[in-house]
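Undergrad: My questions concern the predicted model and sequence given below.
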Amino acid sequence: MPPRLPSVLVIDENAVRAAIIETGLREAGHHNVTVIHDVAGIAARIAALEPDVIVIDLENPNRDMLESLFQLSRAVKRPIAMFVDRSDRDATERAIEAGVSAYVVDGLRRERVKPILDLAISRFNAYSRLERELEDARNALQSRKLIDQAKRLLMRSRGMSEEAAYALLRRTAMNQNRKMAEVAHSLVLAADLLGQGGGDGRED
Amino acid sequence: MAERTEITAGFLPLTDSAVLVVARECGFAEEEGVALSLLRETSWANIRDRMAVGQFQAAHMLAPMPIASALGLTPLAIDTLVPMALGLGGNAVTVSLDLWARMTQSGPIAMTDAAGAGRALRAVIGHRKAEGRPPLQFAVVHAHSGHNFELRYWLSACGIVPDRDIEIVIVPPPFMSDALRSGQIDGFCVGEPWNSVAVAAGAGRIATVKSAIWRSSPEKVLGVRADWARRHEAGLAGLIRAMYRAAEWCGQPENHRTLAHILARPDYLDQPAALIARALDGSILDGAAGDLPRFFEPFARAATFPWQSHALWFYSQMVRWGQVAHTPARAEAARRCYRPDLYRKALAPMAVPIPAANAKVEGALREALPVGSTSGTLILGPDGFFDGRVFDPDELDAYLAAQAG
């Protein structure tokens, strides 16, 4: 029978990201995975769970508190050290760039921990990519809304057709070397300041 | 002008990041050929890690952090130099309204009277013990911090035994106010603006201040990667000069309003300027300043000089609280983290007064006094601990023995 895979505690306030990591670990055969979102009472949880590996996101302000727990022998029965030490600089850098850090119990062999860390790094990176794409999509939607709003303003105030309003916005953007959404935004802002923006222009 | 040096430095949202922030925002770094980028971090552990992998060349650091690193007490320990300090004072001990009410039952307490506040706290602790109630919980931001050591020093000198009469836990600065209000902790020792934030939120009252526990005491430092410093001697000297001028600017009362507004920005402290100003103009003391030095001093009294006696005092407290066992080699490693030689070399072209000594006896100056300096006049003091004990760095062993007794 192969040796039992190390138990993992994931501390992440971001529930979605934590779920992504947990799923990945379970798919890789780790059945002993615990996820904690809130660090209240963490000392007791760690003492009860005795995890082999703790994964925590770097945005979590509680890292200093967590590390102080590791220094107190009464909080954790087995000494915990940071996995990624100077001899594994590459892994350290990749982890920190991905925004994740890991602690392991002393004596756990590196080759047993490396797959866990690699998985955490790749899932953190995947999550960041997802977040960026979502942000881009949000921006695209916002841009389209602004352009529609500016179009309606022009149609109403200058009696233009929709096509003509769109063409005017595009031409202005090209002449000023700006994005169409930026020109639209200026127009909507100006109309708002002049008290002409209300009514049908707003749709949220 | 020499070629530009690019430096990325990390900081935590605290008022004593001011010198670093002003070096960038008021153009002092630029004038010295330093392109300074600042990145806000959420924990001291992150600062340490990003220094270790080379994302930061320098950082706003808790003074004991580079020492802990030199002694191998932390993960990812790398050689970190302290070529400059970031000011004196700036912390306070805040307690919950309930604890404050109990402490002041037998009379008012001036927050500048550290001994009086300690006596009152000791009485409350005695009552709790008699009633069989659990010990009070106080929070600090890090085990290797000035906050931890000055809180423990104050308690001990007032006859309260840390870890027996009172529990000390770690809480991140931005969470202190909520933890106090919810009753999770009974008090904390933290840097500004987080005491003022708790007071403004109606969560606590300031019981005493760092500048009353240890007058003219060190707080944050500039930490620099040792290997980077060796390869970029001119760039580091430029940064030190820029930060010296920034500190001078921060120390001038006419700049405090502007400084509070800069620090208030969302990319820095992201807190109201009026709250930040309380530490800068001293109004945090509610007019109780008396003859105490400024609550937070960024420049005067050699506030940016990296005294090796400060490094050794922090080391003495690491020994006192069991973080490290004393050996002469470890004491020497702690002392050598602090680099007054780099400070002097960088500032030599400016012909400003710099202390001639690398260390001083902490607690020797009862009042402000001119001291030996490289040029001009330099006023130091008053300094020293509220209990009258003196720290002579040349008598380290005797000091360690006395505090253990």
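TA: Nice, thanks for sending it over.
Undergrad: contacting residues for residue 32?
TA: The chain I'm using is chain A. When contacts are counted by CB atoms under 8 Å, 6 or more residues apart in numbering or on different chains, A:N32 touches A:4-8. Placement of C-beta: from N, CA and C, glycine included.
Undergrad: my question was about chain B
TA: Taking CB under 8 Å, 6+ apart, one finds B:238-239, B:241-242 in contact with B:E32.
Undergrad: how about 6 Å then?
TA: B:238, B:241-242 (CB atoms under 6 Å, 6 or more residues apart in numbering or on different chains).
Undergrad: now, which of those residues sits nearest B:E219?
TA: B:A242 (20.0 Å; CB to CB).
Undergrad: Distance of that closest one relative to B:A35?
TA: Using CB to CB, to the nearest Å, B:A242 is found at 11 Å from B:A35.
Undergrad: what about whichever residue of the stretch 301-405 of chain B sits closest to chain A, neighbour count?
TA: Here the stretch 301-405 of chain B gets closest to chain A at one residue, B:Q323, 8.0 Å apart by CB to the nearest CB. Residues near B:Q323, counting by other CB atoms under 10 Å in any protein chain shown, number 19.
Undergrad: Same question for it, what's its three-state structure.
TA: coil (DSSP: H, G, I helix; E, B strand; the rest coil).
Undergrad: Same check on B:E6?
TA: Once three-state DSSP is applied, B:E6 turns out strand.
Undergrad: That one: neighbour count?
TA: For B:E6, using other CB under 10 Å, the count is 11.
Undergrad: Against B:S43, how distant is the nearest residue to B:Q271 once chain neighbours are set aside?
TA: Spatial nearest neighbour of B:Q271, excluding adjacent residues (CB to CB, 6 or more residues apart in numbering or on different chains): B:P193 at 5.1 Å. Per CB to CB, B:P193 is found 18 Å from B:S43.
Undergrad: Compare the two (neighbour count), which wins?
TA: Between B:P193 and B:S43, counted using other CB under 10 Å, the more crowded position is B:P193 (29 against 25).
Undergrad: hmm, back to that, ranking the contacts of A:N32 by neighbours, who comes first?
TA: In the contacts of A:N32, the most neighbours by other CB under 10 Å go to A:V8, 26 neighbours.
Undergrad: ok, that residue - contacts?
TA: Contacts of A:V8 by CB under 6 Å, 6+ apart are A:25, A:30, A:33, A:53.
Undergrad: pretty sure the first one is touching A:V33, no?
TA: I take that to be A:L25. Yes: here A:L25 reaches A:V33: they are 4.9 Å apart, a contact under CB atoms under 6 Å.
Undergrad: Tell me which of these two has more neighbours.
TA: Neighbours were counted for A:L25 and for A:V33 using other CB under 10 Å; A:L25 has more, 24 against 21.
Undergrad: where does the more buried one fall, phi/psi-wise?
TA: Note on A:L25: its backbone torsions stand at phi -70, psi -40 [degrees, to the nearest 10].
Undergrad: ok, now B:V371?
TA: phi -130, psi 170.
Undergrad: what's across from it in the sheet?
TA: Beta-bridge partners for B:V371, by DSSP bridges, are B:L378.
Undergrad: number of nearby residues for it?
TA: Counted with other CB under 10 Å, B:V371 comes out at 18.
Undergrad: now B:L378
TA: 20.
Undergrad: In helices, which of the contacts of B:E32 fall?
TA: B:238, B:241-242 (DSSP state H).
Undergrad: Contacts for stretch B:137-149 next, please.
TA: A:64, A:68, B:44, B:62-65, B:68, B:91, B:151, B:166-169, B:171, B:173, B:185-190, B:219, B:317.
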